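*Asks:* any chance you can model this:
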Amino acid sequence: MSPAVPKNPNPSRNRRRVLTLLGLLLAAAVATFGIAWVTPSKDPGELDPRIASIMHKPDYPHAQWGLLQQNPENGDVVQSTYPDQFFVPGSVAKLFGVSGAWHTLGSEHRFVTPVHAVGERRGSTLAGDLDLVAQGDLTLGGRTRPDGTVAFTNIDHTYADDIPGATLTPQNPLAGIDELAQQVRASGITKVDGDVIVDARLFATDRDLDPAPSPLIINDNLIDLLTTPGSGAGSPARLDWRPQVAPYSVTSAVRTVAAGKPTDIKVTPSADGTRIRITGTIAAGSDPVLRVTPIRDPNAFGRTALIEALKRAGVEVTAAATGPNPAGRLPGSYRSAPTVAKYTSPPYEQYARLIFKVSHNLGANLGICLMAVSTGSHQCPDGFPVLAKFLGSAKVDPRAVQLADGRGGNPADRVTPRAVTQMLTYWQHTADADRFREALPTLGVDGSLADNCRSCPARGRVSAKTGTVAGGDLVNNRLAVGAETAAGYLETAKGRYDVFFVGVNGASAPGINGVLAIGNDVAEVAAILQENASGGS
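*Replies:* Reported below is the predicted structural model:
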């Protein structure tokens, strides 16, 4: 799911960068592995008539469909159309970037975020600074359930401004920060006669990745704004917002209107993003409406959040709580600075599940940066050669994969159906096969496929990453649907799965419901594939 194509502030620079990255992808994999790519020779025959009827609907006069279904054990092709043509993948591209990060880090990798005491301890007073060293932890405890799994809703809060029905997980987004503060207090420190600093030197923020990851991430670098209608028409709406950290403040002038009247809520942040005003209307009796606004400076935000958490834990900090993050005070190393707190994340497999289930764009782009860090680099683009090397080792044809981000939102992104099934086939032959498959949305059950095919025979038997690319067609006053895609696994028998890709490029829709209808068509094709493969059982 990638509802909007990112704006390109510097087209010529991006074109050069894309060409460079593609060269790295091809050269690294082909030169290192000398791979020759073989096309299966079996004739897949004609498409199932039900599938053909979907693809030939009058709704798709200028669109192009692609499909490939294969047995991953012997490579036999079951159904196929345009398997070696490039398609805009949308968030199906996340299968590649997340796979690369998963392989590089390992499914059990945990991010350990430390806080160091830099200075001299004088009893319970630290004459110096507390430095939080950011490690690229995607949630920092903000979604972690008591059992250690990572919570998600089927429509994530990161999509609240684009897709109706986005909801929040119940966890406290400051849970990890609070835990660090409590550990500092438990270490015996009650006063910091100095400052609190976020060390974000793990990697440099790369604005060519949209959204741009940062080494410290709290609540996906977003402020959540939840508006609930009042008791009746004319009454003020209720506002709840989180995480509440200074100097951020929110005021609401949203009014409740009669049931059935339009809900129209506008969010207006100040120039620095810290003063937020919400205006508009919400219909009486309607569900709460979620909106989000970005945290412009994650490091300053995190610094203040930790200072406020320390105060709640009984630790005084003499420095002002708000203001810029004083990164210039950071030491060259922490060899002589003891660790006084550390937060340990759930395993990466849980983050991959979050990224796949809700199509988490920030997390997918973060994987590119983390692959760069694995080489000792601080520059996110250096993650692409790592991905290229992995593709070669996974027997994925790098010439059939064009990526300039991890999320599937860059205009350059293209993949072939065959490359996607090669990626899926790789995982079926690893010890993490079940984990990887189960991390994907499940048809009719959860994630981005929760509302599709809820009562069809294939419900619960298709696991697939979905993708959407849509934007405004101002000439025709409609939505241009650049891509609607799905790729993953079809259960053919207990413990046996086919791999598949299905997608359409170049469709259009009158509005968001039309986009959802195209998604239903793609999901229906996947369901038909599964029913046929399992004999309808």
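
*Asks:* quick one: residues contacting the most centrally placed residue in the chain.
*Replies:* In the chain, the centroid-proximal residue (CA atoms, centre = their mean) is residue 360; its distance is 1.7 Å. Neighbouring residues of residue 360 by CB atoms under 8 Å, 6 or more residues apart in numbering: 138, 156, 158, 220, 354. Quick note: C-beta positions are derived from backbone N, CA and C, even for glycine.

*Asks:* buried ones from these, can you make that a ChimeraX selection?
*Replies:* Applied in ChimeraX, the following selects the buried portion of the contacts of residue 360 according to 16 or more other CB atoms under 10 Å:
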select :138,156,158,220,354
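
*Asks:* what separates the residue nearest to residue 105 when sequence neighbours are not counted from residue 354, distance-wise?
*Replies:* Leaving aside its chain neighbours, residue 105 sits nearest to residue 348 (5.0 Å; criterion: CB to CB, 6 or more residues apart in numbering). Computed as CB to CB, to the nearest Å, the residue 348 to residue 354 distance reads 10 Å.

*Asks:* next secondary structure after the helix or strand containing residue 130?
*Replies:* Following DSSP states H and E, one finds residue 130 within strand 125-133. Following strand 125-133 in sequence order, the next helix or strand is helix 175-186 (DSSP H and E).

*Asks:* ok, residues contacting that following helix?
*Replies:* 113, 115, 130, 132, 137, 139-142, 144, 172, 218, 302, 305-306, 309-310, 312-315, 340-343.

*Asks:* recalculate using a threshold of 6 Å.
*Replies:* For helix 175-186, contacts defined as CB atoms under 6 Å, 6 or more residues apart in numbering pick out 115, 140-142, 305-306, 309-310, 313-315, 340-341, 343.

*Asks:* next: stretch 483-494.
*Replies:* 88-90, 92, 420, 437, 440, 461-469, 497-498, 500-505, 518-519, 522, 526, 529-530, 533-534.

*Asks:* domain assignment for this protein?
*Replies:* For the chain, automatic domain parsing gives the domain ranges 47-107+348-533, 112-344.

*Asks:* pLDDT of the last one, averaged?
*Replies:* Here domain 112-344 scores 97 as its mean pLDDT.

*Asks:* hey, which strand is longest across this structure?
*Replies:* Ranked by number of residues, the top strand in the chain under DSSP state E is strand 478-493.

*Asks:* give me the buried positions along it.
*Replies:* For strand 478-493, by 16+ other CB under 10 Å, it's 479-492.

*Asks:* ok, now stretch 217-230?
*Replies:* 217-227, 229-230.

*Asks:* check stretch 423-433 too.
*Replies:* Buried, per 16+ other CB under 10 Å, within stretch 423-433: 423, 424, 425, 426, 427, 428, 432.

*Asks:* again with stretch 262-275
*Replies:* Buried residues in stretch 262-275 (16+ other CB under 10 Å): 263, 265, 267, 269, 274.

*Asks:* and the two most separated of the residues you listed?
*Replies:* 263 and 274 (26.2 Å; CB to CB).

*Asks:* give me the neighbour count for the residue lying closest to residue 221 once chain neighbours are set aside.
*Replies:* In this structure, residue 221 finds its nearest non-sequential neighbour in residue 295, 4.6 Å apart by CB to CB, 6+ apart. The number of residues packed near residue 295 is 23, by other CB atoms under 10 Å.

*Asks:* from residue 512, how far off is residue 295?
*Replies:* Counting by CB to CB - residue 295 and residue 512 are separated by 27 Å.

*Asks:* cool, and residue 56?
*Replies:* From residue 56 to residue 512 the distance is 24 Å (CB to CB).

*Asks:* can you confirm residue 424 is in a helix?
*Replies:* Yes. Residue state for residue 424 (DSSP: H, G, I helix; E, B strand; the rest coil) corresponds to a helix.

*Asks:* report pLDDT for it.
*Replies:* pLDDT, residue 424: 98.

*Asks:* from now on call the first residue 6
*Replies:* With 6 as the first residue, the last one maps to residue 429.

*Asks:* my guess is it meets residue 504, correct?
*Replies:* Yes. Counting by CB atoms under 6 Å, residue 429 does reach residue 504; the two are 4.0 Å apart.

*Asks:* isn't residue 349 up against residue 114?
*Replies:* No. At 10.9 Å, residue 349 does not count as touching residue 114 under the criterion of CB under 6 Å.

*Asks:* alpha carbons of stretch 410-426, as CSV, please.
*Replies:* Listed next in CSV are the C-alpha coordinates belonging to stretch 410-426 (Å, rounded to 0.1, in the frame of the first residue of the first chain):
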residue,chain,number,x,y,z
ASP,A,410,13.6,2.9,-1.9
GLY,A,411,12.4,0.1,0.4
ARG,A,412,8.7,0.9,0.5
GLY,A,413,7.7,0.8,-3.2
GLY,A,414,6.8,4.4,-3.6
ASN,A,415,9.6,5.8,-5.8
PRO,A,416,8.6,6.5,-9.5
ALA,A,417,11.6,4.3,-10.6
ASP,A,418,10.5,1.2,-8.8
ARG,A,419,9.7,-1.8,-11.1
VAL,A,420,9.7,-5.5,-10.7
THR,A,421,8.7,-8.5,-12.9
PRO,A,422,6.2,-11.1,-11.6
ARG,A,423,9.0,-13.7,-12.1
ALA,A,424,11.4,-11.8,-9.8
VAL,A,425,8.8,-11.6,-7.1
THR,A,426,8.1,-15.3,-7.2
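
*Asks:* noted, bye for now.
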